[in-house]
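Undergrad: A structural model of the following input is requested.
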Amino acid sequence: MILLLDAGNTRIKWRLVAAAAPADTTLAEGDLEHAGAGGLAGVVRAHPGIVRIVGSNVAGAALGEVLQNAVRGLLPPIEWLLPGESCAGVRNGYLDPAQLGADRWAALIGARRLHTGPCLVVCAGTATTLNLMNADGLFEGGLILPGMDLMLRALAGNTAQLPLAEAAFTPVPRTTAEAIVSGCLHAQAGAVERMFERIAGQPDALCLLSGGGAGQFADLLRVPLRRVDNLVLDGLAIFAHNGPQATSMG
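TA: Numbers count the residues shown, from 1 in each chain. This next block holds a predicted model:
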């Protein structure tokens, strides 16, 4: 078995897949808090038969080292995905391919397996990322903006009279809490719709929406849409089975 890790800014998501293809066969999955990252050893011990760990880490070197130490002596070093020029039918159009976030690269790889037409790949988490990929598999570029929770906390933490709001979306808000939440949701949905306009006229254009925050604004989107649970783990599975060997660090 292969253990896949998506070490994000808030949580560490993991998934077990078979060591042989197909890459979309999930055997088990779960998540860990950053403070409990050492618990990865327990995940490994609970699932005998793991032979590799392949991961994406955007949470920093310190967390990567904690995860590496947790499995030291149990398995070979974690193989961390590093963005490159191409992988599994996806070509990296960044001016410096190495600067692309590993999670965005993995999500693009996962998206390409699901949809071979032009697509906007959206991952909504601590940050919301929007990445354009054409029908030839070229990642053309994209956006990064604060996720919903970051937007809400920024308003609460940097203004004198605005609270950390909790409310439902309202088309025409009549309370401060509704105004804050609805404004942030409009910002998320509006960014997606504006970016999708770049491919809207192309045949089979689709928005692939993933991430823990996706459900907050999915119903507001007026674009062809497909929800996907975790495109980063999907892409890591494809990479582990088909891509070049990942890089081991630590």
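Undergrad: does the residue located most distally from the centre of the chain count as helix, strand or coil?
TA: For the chain, the residue at maximal distance from the C-alpha centroid (CA atoms, centre = their mean) is Arg174, at 34.0 Å. The local conformation at Arg174, judged by DSSP: H, G, I helix; E, B strand; the rest coil, is coil.
Undergrad: And for Val66?
TA: At Val66, secondary structure determined by three-state DSSP is helix.
Undergrad: Could I get the contacting residues of the closest residue to it other than its chain neighbours?
TA: Leaving aside its sequence neighbours, Val66 sits nearest to Ala37 (CB to CB, 6 or more residues apart in numbering; 4.6 Å). The way it works is simple: take the backbone N, C-alpha and C, and place the C-beta from them, glycine included. Contacts for Ala37 (CB atoms under 8 Å, 6 or more residues apart in numbering) come out as Ile12, Leu63, Val66, Leu67, Ala70.
Undergrad: Would you mind writing the ChimeraX command to select the buried ones in those residues?
TA: Buried members of the contacts of Ala37, defined by 16 or more other CB atoms under 10 Å, are picked up in ChimeraX with:
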select :12,63,66,67,70
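Undergrad: List just the nearest of the contacts of Ala37 to Ala124.
TA: Nearest to Ala124 among the contacts of Ala37, counting by CB to CB, is Ile12 at 17.5 Å.
Undergrad: can you tell me which helix or strand the closest one belongs to?
TA: Secondary structure from DSSP states H and E places Ile12 in strand 11-17.
Undergrad: Give me the contacts around whatever helix or strand comes next after that strand.
TA: As assigned by DSSP H and E, the chain's next helix or strand after strand 11-17 is strand 26-33. Residues outside strand 26-33 that contact it (CB under 8 Å, 6+ apart) are 1, 11-18, 39-40, 43, 47, 233.
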